[in-house]
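[1] What follows is a protein structure lacking sequence information:
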């Protein structure tokens with residue numbers, strides 16, 4: 001479907017619904033196409049998607065460092 005800029009401003013929500021439904025929506029300035037309305041793919045966010053991929057344990061940042069790590073951190077070694 002091709003519509004003019006004026007028609008697109010007037011019917012924007014309907015044109016967005018048409019694009020979501022798979023219809024190609026082209027906006028024209030006069031008879032010259034200048035823009036296209038396309039849907040953005042909707043993907044869900046999955047928590048823990050890498051939980052089985054990561055091996056080992058994460059560091060506990062609230063535990064004191066051992067002396068060797070502390071010396072490296074402070075640059076005294």
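    Yep, that arrived. The structure displayed is predicted, hence computed values, not measured ones.

[2] okay, the closest residue to residue 20 other than its chain neighbours: pLDDT?
    Excluding the flanking residues, the one nearest residue 20 by C-beta to C-beta, 6 or more residues apart in numbering is residue 39, at 4.8 Å. Heads up, the C-betas are built off the backbone N, CA and C, glycines and all. Predicted confidence (pLDDT) for residue 39: 91.

[3] ok, now residue 56?
    pLDDT for residue 56: 68.

[4] Check the gap between residue 58 and residue 51 for me.
    The gap separating residue 58 from residue 51 is 12 Å, by C-beta to C-beta, to the nearest Å.

[5] no wait, residue 44
    Going from residue 44 to residue 51 by C-beta to C-beta gives 16 Å.

[6] of those two, who's got more company?
    Counting neighbours by other C-beta atoms under 10 Å for residue 44 and for residue 51 shows that residue 51 has the greater number, 7 against 4.
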